[in-house]
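>>> this is the structure alone, sequence omitted:
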C-alpha cells in the first residue's frame, strides 16, 4: 500500500478567536478529508476540530497526542496509519506546528517513511512580530525560550545584543505568559539605552499591543503585561 | 487629524496561483477598505488588486512603489496620506512584506509617526520550509541571500555549517531562481557528508518539490531545478 500524507495545519494564535478571519480558505476542506489528527493534547485537538466538523464527524475521527512528554518510540506509533496510506493532520496549540513544538521530529521520521508532507500557511507570532517591529527582516535569528536562571539569562541577552550589533540582525525569542512582564523589566535594566526592543503581546487578538522603541524610550514608557503570551525582538546598532 | 493605518498584506508565493486557497478569509474586506496600495512595482500591485477589486475600484485606488531603488526621503512621501488619516496597504512581490524586502524601513518610520500597523498572516516560504524540513524549529537563523562570489560563498556556507553544529540550529537562506541549481551543486560539493540539507522549490504551487537528505544522500540523488525560486536549509550535527 502506498504511503499516506501528513498535513501541517495552522492553528489560531489564541483559541478564543473566530477561525474564519485568520486562517486560509482551503483549510476547511482539508480538515474534512482527514482520517485522524495529532494534537498537543486531546482537549486542544477537540477544540480545534469543533470549528470545522459536526459532532458525528468528530466522534468518528481518531485523535492522538504529541507533546514534550512523548517518548521517541511513540513517533513510529503515531505514523503507523500514515504508513498504511491514511491522511492525517498535525496541529500545535497555537500558530504553526514544527516551529516551537516537538512536531519536527515527527516530520523527519515521516520523510524517512516516504510519507508526503504538506504545510498549510497560517499565523506565526514570530513572523508577524518581525513584520511589525520595523527591524531587519533580511537577517534574523529565533531562539525559542531563553534560560530562566537570571545569571544565564543575562549572559545570553548580552550575547544576543552583541550578535545583533555585529551582524546587523534581529534577535527573536518568546516567553511564557506568566513570565512576560518580568522579561520586559529585565531587558529594560540590562540592555544598552540605544538598543531597539520590540514587544508584541496577544498578537491577532482584540487585546493585541505592540511597541518598538529604544531601551532609553522603554524606560520612560508604561506597557503593562498581564499573564499574556509575548514575543521579544531586539536590534542593536 | 488622527494618524491612519498601514496594513502589511500577504501576497501569494507565485502570482500565477489562485488567491482563494492560500490567503486568509479576512483579506478581501481589508483590501476593499484601502485608500491606497504600496507595492514593489506598479505592475505587481495591479496584478494583486485585480484579484480583489473591480476595474472601476482599481482605477480609483492610488498605487505607489517601494523597492530596493527607493531613496530614503521617498519613505516620508509614501507615508504622507497615512499621516493625514488614510488607510493604506503594503505588499511584497511574493509572500509577506518586511521579511526579505525594503518594507521594514517604512514600518519603522510609520511607527515614529504613530501610524497604526496591522500585519495579516499569510504564506512565508521561510517558515513553510522550516516546517517541511523536519529540522530544529526552536532555534533557527535566516540570512537572506548569500554572497555570489564563490570564495565568499564557500566561506559563509562553511561558517553556517559550523554554527548549526555548535548551536544545534537550523540555518536558512534563499536564492534567486536563475542561481538555485548552481547553489544546490555548490552545497553538494562543499558541505560535510553527514550534514542535512533541505531544498524547497516553488512552494505552495503545483510544481512544489521538497527534499530533506544528508549531503551523502544528496550526492546520489537527482533533483533538477530549472530557473525556480528555492529555499535552502541546513542542519549539521
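Ah, there it is. It should be emphasised that the depicted structure is a prediction, and the values quoted were computed from it without experimental measurement.
>>> for stretch A:139-149, give the mean pLDDT please.
Averaging pLDDT along stretch A:139-149 gives 96.
>>> cool, and stretch A:175-191?
Rounded mean pLDDT across stretch A:175-191 is 96.
>>> now swap in stretch A:210-223 and tell me
Here the average pLDDT along stretch A:210-223 is 97.
>>> residue contacts, residue A:93?
A:11, A:15, A:39, A:40, A:41, A:44, A:101 (CB atoms under 8 Å, 6 or more residues apart in numbering or on different chains). Heads up, the C-betas are built off the backbone N, CA and C, glycines and all.
>>> check those residues one by one and keep those near chain B.
residue A:101 (CB under 8 Å from any CB of the partner chain).
>>> would you state the helices of chain A in chain order?
A:27-32, A:42-49, A:55-59, A:72-83, A:103-112, A:125-133, A:150-167, A:180-190, A:215-218 (DSSP state H).
>>> taking those helices together, which one is wrapped up most tightly?
Among those, ranked by average contacts under mean count of other CB atoms under 10 Å in any protein chain shown, first place goes to helix A:125-133 (a mean of 27).
>>> check what contacts that helix and list those residues.
A:13, A:94-95, A:99, A:137, A:140, A:142, A:170, A:172, A:174, A:198, A:200, A:203-204, A:210, A:212, A:229, A:231, A:233, A:235, B:8, B:96-99, B:103-104, B:107, B:117, B:119, B:121, B:124, B:126-127.
>>> thinking again about what came up before, for the contacts of residue A:93, work out which two are farthest apart.
With CB to CB as the measure, no two of the contacts of residue A:93 lie farther apart than A:15 and A:101, at 14.9 Å.
>>> just for chain A, where's the confidence low?
Where chain A drops to pLDDT under 70, the residues are A:1, A:18-21.
>>> got the domain ranges for it?
According to automatic domain parsing, chain A comprises the domains A:5-119, A:125-235.
>>> compute the first-to-last residue distance for the longest one.
End-to-end distance of domain A:5-119 (CA to CA, to the nearest Å): 11 Å.
>>> now do that domain: distance to the chain's middle.
14 Å (CA atoms, centre = their mean, to the nearest Å).
>>> residue A:15 and residue A:101: which has the busier surroundings?
Using other CB atoms under 10 Å in any protein chain shown, the more surrounded residue of residue A:15 and residue A:101 is residue A:101, with 21 against 14.
>>> if we ignore the residues flanking it in sequence, what's nearest the more buried one?
residue A:92 (4.6 Å; CB to CB, 6 or more residues apart in numbering or on different chains).
>>> still on that earlier bit, quick one, which of the contacts of helix A:125-133 are buried?
Among the contacts of helix A:125-133, the ones that count as buried by 16 or more other CB atoms under 10 Å in any protein chain shown are A:13, A:94-95, A:99, A:137, A:140, A:142, A:170, A:172, A:174, A:198, A:200, A:203-204, A:210, A:212, A:229, A:231, A:233, A:235, B:8, B:96-99, B:103-104, B:107, B:117, B:119, B:121, B:124, B:126-127.
>>> noted, bye for now.
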